[in-house]
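Need coordinates for the below:
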Amino acid sequence: MGLNLTYDDGQTPLDVDEKESLLIKSISTRGELDEFEQQNIEDAIQWSLTRKFKPAQILSESFIKDLHKKMYGSVWRWAGEYRKTNKNIGVDKLEISIALRSLIDDAKYWLENNVYEPDEFAIRFKHRLVSIHCFPNGNGRHSRMIADIIIEKIYNQPVYSWGSDSISGDEDIRAQYLKAIRNADKGDFDLLLKFARS
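From the prediction side, this is the model:
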């Protein structure tokens, strides 16, 4: 029995080879996959909470890849490795390293020159990272965790709530998040900044 997944709006479909890289062969449904991924992510959160990171560490290709591996390495063989296929979102697979290097260089400049307030720095970094879509899957959760690490470790401010303080249901939260991302795609970060703290 193979892994049979359905995808919600805004989710990146996996190709056959990517699905075959599932390390826990007993998983057959989206619900089971979500449970195992969530446990792995919670382990990564605990790991990040017990560490001190310098800005230069966080704003590096190795940290971005290592964090993805920590978040998904118990579930997927490709965790922490750049995608080898093009998706419905993101830069061409051959441009991932170049786009990521450009983001890291920009972020270092933003930080050194106080270009943005802390929240805007973290959210702009998160948005550019998810737009590049470095990995086969998990890019949204990964980019949110990077934003949390930036705001907490670089700026000593509380991590984001990402809509968890909202009184609406989960589907409404996802719709709000996707709307905020799409506005940010057009250069308007207001909704995403508000959503992150809602």
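
quick one: contacts for the closest residue to F53 other than its chain neighbours?
Of all residues not flanking F53 in the chain, K153 sits nearest, at 4.8 Å (Cβ to Cβ, 6 or more residues apart in numbering). Every residue, glycine included, has its C-beta placed from N, CA and C. By Cβ atoms under 8 Å, 6 or more residues apart in numbering, the contact set of K153 is K52, F53, P55, I58.

In three-state terms, label the closest residue to the first one other than its chain neighbours for me.
In this structure, K52 finds its nearest non-sequential neighbour in K153, 7.1 Å apart by Cβ to Cβ, 6+ apart. Per DSSP: H, G, I helix; E, B strand; the rest coil, the local secondary structure of K153 is helix.

Any of the contacts of K153 buried? List them.
Applying 16 or more other Cβ atoms under 10 Å to the contacts of K153, the neighbour count classes F53, I58 as buried.

List of residues touching the lengthiest helix in the chain?
In the chain, taking DSSP state H as the definition, the longest helix is helix 30-49. Outside of helix 30-49, the residues within contact range by Cβ under 8 Å, 6+ apart are 3, 5-6, 22, 24, 26-27, 67, 70-75, 138, 141, 145, 148-149.

What residues sit buried inside that helix?
Residues of helix 30-49 classed as buried: L33, F36, E37, N40, I41, A44, S48 (neighbour count, 16+ other Cβ under 10 Å).

Tell me which of those has the lowest pLDDT.
Among the buried residues of helix 30-49, L33 carries the weakest pLDDT, at 92.

Ramachandran angles for W76?
phi -120, psi 130 (degrees, to the nearest 10).

In the protein, what residue spans correspond to helices?
16-19, 30-49, 55-58, 61-72, 96-112, 118-132, 139-149, 170-185, 190-196.

Now tabulate the ones you listed in CSV and tack on distance to E81.
Shown next, in CSV, are the helices of the chain (distance: least, Cβ to Cβ, whole Å):
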stretch, distance to E81
helix 16-19, 10
helix 30-49, 16
helix 55-58, 20
helix 61-72, 7
helix 96-112, 10
helix 118-132, 14
helix 139-149, 13
helix 170-185, 24
helix 190-196, 27
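
So for K87, which of those sits nearest?
helix 139-149 (9.0 Å; Cβ to Cβ).

Could you report the neighbour count for the nearest residue to N40 once chain neighbours are set aside?
Nearest residue to N40, sequence neighbours excluded (Cβ to Cβ, 6+ apart): S74, at 4.6 Å. Residue neighbour count, defined by other Cβ atoms under 10 Å, stands at 17 for S74.

measure S74 to G138 for me?
According to Cβ to Cβ, to the nearest Å, S74 stands 12 Å off from G138.
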